[in-house]
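Asks: A structural model of the following input is requested.
(2 chains)
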Amino acid sequence: MTDSTTPKKVKTKGILRWEAFTPTLIILALIYAYFFLFFDAHLRRAIEWGGYLATGAEVNVESLNTSFLNASLQIKKIEFTNAEKPTHNMFEIGEIRFSMLWDALLRGKIVINEAVIEQVAIDTQRKSPGKVKPPEPIDDSPSALEKKGEELAHKALEKTQEEYSENILGDIAAVLGGTSSDEQLKNIEGSIKSKARMKELEAAFAEKQKAWNEKLKSLPTGKDFTDLSDRLKAIKTKDFKSPQELQDSLKQADAIIKEADEKIKYVQKTSEELNNDVNTTQKDLKDLETLIQNDIKDLEKRFKLPKLDAKAIAMALLKREVSPYLSQLQKYQNLARKYLPPNILNKKSDPTDVQIQPRARASGISYEFGRPNSYPFFWLKKAALSSVANAENPYIGNLKGELTNVSSSQPLTGKPIAASLTGNFPALNISGIDVRLTVDHVRPPFKELFSAAIGAYPLEKKLFLSDNNAEVGFSKAQGKSAVEAKFQDDIFSIDLQNKYTNVDFIVSSPNKDLDTVLKDIFKEISFIDLNANGEGRFPNVPLSISSNLGPEIVKGLQKQIQAKIDEAREKIKKAVDEAVAKEKQKLEADLNKMKNQIESEVKKVQAQADAAKKQAEKQVNDTKKQAESSAKKQAEDQVKKVLGNDADKKIEDLKKKFKF
Amino acid sequence: MTLLLKQLFAFIKLLNSDTGHNQIAAGLALGIVLGFSPMLSLQALLVFLIAFFFRVQLGAAFLSAFFFKFIAFIIDPVADQVGQLVLELPSLRPLYIEMYNMPLVPLTRFNNSIVMGGAIISLLAVIPAYFIFQNAILKYRVNVVAKFEDTKFWKALKATGFYKWYATYKSLYG
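Replies: As a prediction, the model looks like this:
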């Protein structure tokens, strides 16, 4: 019999949660199934979607395979649609494959022994036009940085346009047609700034002349000094009856000397004031000369006299080519200034720029305990690029290149990044591609070197200038470009060289004279070069741009129009001189006359004052000597009286006795 | 979220029952290690697997991890200092070099000062915390739960038909 009241025994559970094993196994199986069945497809879609967002045009991946066991990835045929020509690919890559080392992955590092990129082609026809991302709606509230960047880029563009915006060919056409400035020159007086200034100076000079005359009148005259002389003469200089009388005389003489001194000082002060005034007026006249030169320049501009400046002509012709690049450069410089660490830019941080932010979780310090030849966090040992042109796809290039030792710690691997790419695209007539890169951060001084060259590439129709006056450009040409850049010790240097040969120029102008001149000039030009170079502390790298177009055109133009330009310039100079120069000369003459008058007047008064002072001083000295000698004589007489008739002998004995 | 809430309710239920104080204390103690470890690290995975496969109260572990994540955030500077001190010990450098170049060990991110400092603090705290939590749970059950069950309100509630229905449901379905 069983006891029905016995409580049911509660089964004690063990330390392990056995019931968790089955769900875990199911979850692991599901994860495996996902990676086995769907992961590759999803990764392919993700690359296509990311590529579309990044490039703004459709990106297609034909197939993608990953292997967990081999830690490898293989992508076949990636096509990047050309956003400007959606029927074609910007470029396509036949295959990319690489595998990571499990040995490194288990250590939390990524090491790729060899990555391979094969069959690179450019401008290939697509099976169907690629989707192009519509332009982003204009954001009404751009960020402060964007605003600043845009502003600076705009400024750079404006500056370039301002500097080289002169309509040089239009001006040349006007000069070739004969200057019409003769009539206009007759009416320029009202607009000459130097003329107005001249009038101001004349008025100021008249006032000053009055003041100077007043000052000259206030100087002591000859009568003043005669009075002093008379007063001196009246002072007793001998036969003083008592020392008091002598002292009184000396006092009177001293008072006269002081008075003469004051007069001398006043003359000197007045002389200094007058000299300063004269110098100021002379300086004003010199400034007027600058103003006259500016007036001449303004008039040359107003009458559109072209400057045969090679650089200005080259830039005026090539500004369409250069302006966007300068604008971009300014934008990148601004971004670099904003984002590069201060130690690179060597700038002081601005305390006012600190923004209030929530405290970010500290990231601590990650110590590297690597040893020689151990793995850095990331290391791509070698990526090889190879591509061979074939009849099937003529747009594939003959390319050979490699990228080696891209790592997160060069001191650990002991190897700098090195990249090279050489080859050509025969179907596109592009040859001599040679790109090299070295990033050496193994040990200081760190340096980055980059060079790229394209031996030859075809250029399609390009117009440098197209306006009402002329059209200048070429219908086709062959280009050759090379760029070398170096960044070491914060100093960035760049040298860019472009050369266009076999140029079929397009040169025409509705102005027959200009048309002939330009055609003659361009007939002689066999090539165009456009060079840029610069060196500076990054990101402030000023660029100097030059081209042979400027000097060549100047050479041609000099033969044709230099004489006409000189003639017009001479006329302008003459007109300005007529308006201002005569008055200026008169004013200069008046000023010189006044100056001489002041100098002679002051000199005369100064001489009189000095003479009076000298006379007084002489009289005082004489009086003193006289007094001394009479006192001495009196004393000797007294001694003789005391000593008797042989006083002289006694005095001599005394002298001997005391060994005088 | 459902799993988390389920675990949380299970935790409250277990806290108020007579059994499982060791599981709860172990869960809360493991939560400290989880809270002080980076989310994506080998040690966090290891602690999670321990909590999952051993009979440790998962709700308590998650709740504790959630709470100690905030504590860890506040004492980051201290953890940073402790980590730097330990990682810069010259005597331990050969050991670190060995560990850094071993498989799997670098996945713990032990070479980071905050991770190392946090790990030291949590490992020092985990054993005392286990006993403190165990003691606190027992005291809670005696002083709070037992007293509550002795109140007239609770006795009245136990006498209702609804409670009897709930008790039957609980004995049948757990």
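
Asks: pull the longest helix from the chain.
Replies: Just going to use chain A. Scanning chain A for the longest helix, with DSSP state H as the assignment, gives helix A:582-643.

Asks: wrong one, chain B
Replies: helix B:113-140.

Asks: Mind listing residues that contact the helix or strand just after it?
Replies: Scanning forward in sequence from helix B:113-140 by DSSP states H and E, the next helix or strand is helix B:146-149. Among residues not part of helix B:146-149, those counted as contacts by C-beta atoms under 8 Å, 6 or more residues apart in numbering or on different chains are B:Trp154. In this view, the C-beta of every residue, glycine as well, is placed from N, C-alpha and C.

Asks: packing partners for whichever helix or strand comes after helix B:146-149?
Replies: Downstream of helix B:146-149, the next assigned helix or strand under DSSP H and E is helix B:152-158. If you count contacts as 3 or more C-beta pairs under 8 Å, 6 or more residues apart in numbering or on different chains; DSSP states H and E, helix B:152-158 packs onto no helix or strand.

Asks: quick check, distance from helix B:152-158 to the centre of its chain.
Replies: Offset of helix B:152-158 from its chain centre (C-alpha atoms, centre = their mean, to the nearest Å): 33 Å.

Asks: And A:Ala477, its phi and psi?
Replies: Dihedral pair for A:Ala477: phi -160, psi 170, per degrees, to the nearest 10.

Asks: low-confidence ranges in chain B?
Replies: Confidence mapping of chain B against pLDDT under 70 gives the ranges B:1-4, B:7, B:10, B:18-19, B:173-174.

Asks: now do 50
Replies: Along chain B, no part satisfies pLDDT under 50.

Asks: Helices along chain B, start to end?
Replies: For chain B, the helices defined by DSSP H cover B:2-16, B:21-36, B:42-53, B:58-74, B:76-87, B:93-100, B:113-140, B:146-149, B:152-158, B:161-173.

Asks: hey, which of those is tucked in deepest?
Replies: Among the helices of chain B, the stretch with the highest mean neighbour count (mean count of other C-beta atoms under 10 Å in any protein chain shown) is helix B:21-36, at a mean of 24.

Asks: Who are the packing partners of that one?
Replies: Using 3+ C-beta pairs under 8 Å, 6+ apart: helix B:21-36 touches helix B:2-16, helix B:42-53, helix B:58-74, helix B:113-140.

Asks: Can you show me the CA trace of that helix as CSV?
Replies: C-alpha atoms of helix B:21-36 as CSV (Å, rounded to 0.1, in the frame of the first residue of the first chain):
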residue,chain,number,x,y,z
HIS,B,21,19.6,32.5,-3.0
ASN,B,22,22.9,31.1,-4.3
GLN,B,23,21.8,31.4,-7.9
ILE,B,24,20.7,35.0,-7.4
ALA,B,25,23.9,36.0,-5.5
ALA,B,26,26.0,34.3,-8.2
GLY,B,27,24.1,36.1,-11.0
LEU,B,28,24.5,39.5,-9.3
ALA,B,29,28.2,38.8,-8.7
LEU,B,30,28.8,37.7,-12.3
GLY,B,31,26.9,40.9,-13.4
ILE,B,32,29.7,42.9,-11.9
VAL,B,33,32.3,41.3,-14.2
LEU,B,34,29.9,41.8,-17.2
GLY,B,35,29.4,45.4,-16.3
PHE,B,36,33.1,46.2,-16.1
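
Asks: if you average pLDDT over stretch A:453-469, what comes out?
Replies: Taken as a whole, stretch A:453-469 has a mean pLDDT of 84.

Asks: Buried ones in that stretch, by neighbour count?
Replies: Residues A:Ala453, A:Ile454, A:Ala456, A:Tyr457, A:Phe464, A:Leu465, A:Asn469 are the ones in stretch A:453-469 that count as buried (16 or more other C-beta atoms under 10 Å in any protein chain shown).

Asks: What separation do you get for A:Leu530 and chain B?
Replies: 52 Å (C-beta to the nearest C-beta, to the nearest Å).

Asks: so what's the closest residue to A:Asp224 other than its chain neighbours up against?
Replies: Spatial nearest neighbour of A:Asp224, excluding adjacent residues (C-beta to C-beta, 6 or more residues apart in numbering or on different chains): A:Lys263 at 7.0 Å. Counting by C-beta under 8 Å, 6+ apart, A:Lys263 touches A:Pro220, A:Asp224, A:Phe225, A:Ala609, A:Ala612.

Asks: Let's see the pLDDT reported for A:Leu496.
Replies: 88.

Asks: Am I right that it is in contact with A:Val541?
Replies: No - in this structure, A:Leu496 is not within contact of A:Val541 by C-beta atoms under 8 Å, at 11.8 Å.

Asks: still on that earlier bit, report all helices and strands that the longest helix of chain B contacts.
Replies: With 3+ C-beta pairs under 8 Å, 6+ apart as the test, helix B:113-140 has helix B:21-36, helix B:76-87 packed against it.

Asks: possible to save those as JSON lines with distance to A:Lys447?
Replies: Formatted as JSON lines, those follow (distance: least, C-beta to C-beta, whole Å):
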{"stretch": "helix B:21-36", "distance to A:Lys447": "43"}
{"stretch": "helix B:76-87", "distance to A:Lys447": "32"}
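
Asks: for the stretch 351-500 of chain A, what spans make up the helices?
Replies: Remark: helices assigned in the stretch 351-500 of chain A by DSSP state H, counting those that start in this stretch are A:410-413.

Asks: Could you give the average pLDDT over the very next helix or strand once past the longest helix of chain A?
Replies: The helix or strand immediately downstream of helix A:582-643 is helix A:647-657, counting by DSSP H and E. The average pLDDT for helix A:647-657 rounds to 74.

Asks: contacting residues around helix A:647-657?
Replies: Contact partners of helix A:647-657, identified using C-beta under 8 Å, 6+ apart, comprise A:Val639, A:Lys640, A:Leu643, A:Gly644.

Asks: mind checking how far the nearest residue to the third one once chain neighbours are set aside is from chain B?
Replies: Spelled out, that is A:Leu643. Sequence neighbours aside, A:Lys650 is the residue nearest to A:Leu643 in space, at 5.1 Å (criterion: C-beta to C-beta, 6+ apart). Distance from A:Lys650 to chain B, counting by C-beta to the nearest C-beta: 109 Å.

Asks: got it, and A:Ser99?
Replies: 18 Å.

Asks: before we move on, what about A:Leu291?
Replies: 68 Å.

Asks: picking that back up, which two of the contacts of helix A:647-657 have the greatest separation?
Replies: A:Val639 and A:Gly644 (10.6 Å; C-beta to C-beta).

Asks: And what about A:Ile78, helix, strand or coil?
Replies: strand (DSSP: H, G, I helix; E, B strand; the rest coil).

Asks: distance of it from chain B?
Replies: 30 Å.

Asks: Would you confirm that that residue contacts A:Ser63?
Replies: No - applying C-beta under 8 Å, one finds A:Ile78 not in contact with A:Ser63, separated by 10.2 Å.

Asks: Could you check which of these two has the larger neighbour count?
Replies: More neighbours surround A:Ile78 than the other of A:Ile78 and A:Ser63, with 22 against 12 (other C-beta atoms under 10 Å in any protein chain shown).

Asks: Identify the bridge partners of that one.
Replies: A:Val61, A:Ile93 (DSSP bridges).

Asks: so who does residue 103 touch?
Replies: Using chain A here. A:Val111, B:Pro103 are the contacts of A:Asp103 under C-beta under 8 Å, 6+ apart.

Asks: Let me rephrase: I mean chain B.
Replies: Contact analysis of B:Pro103 by C-beta under 8 Å, 6+ apart lists A:Asp103, A:Leu106, A:Arg107.
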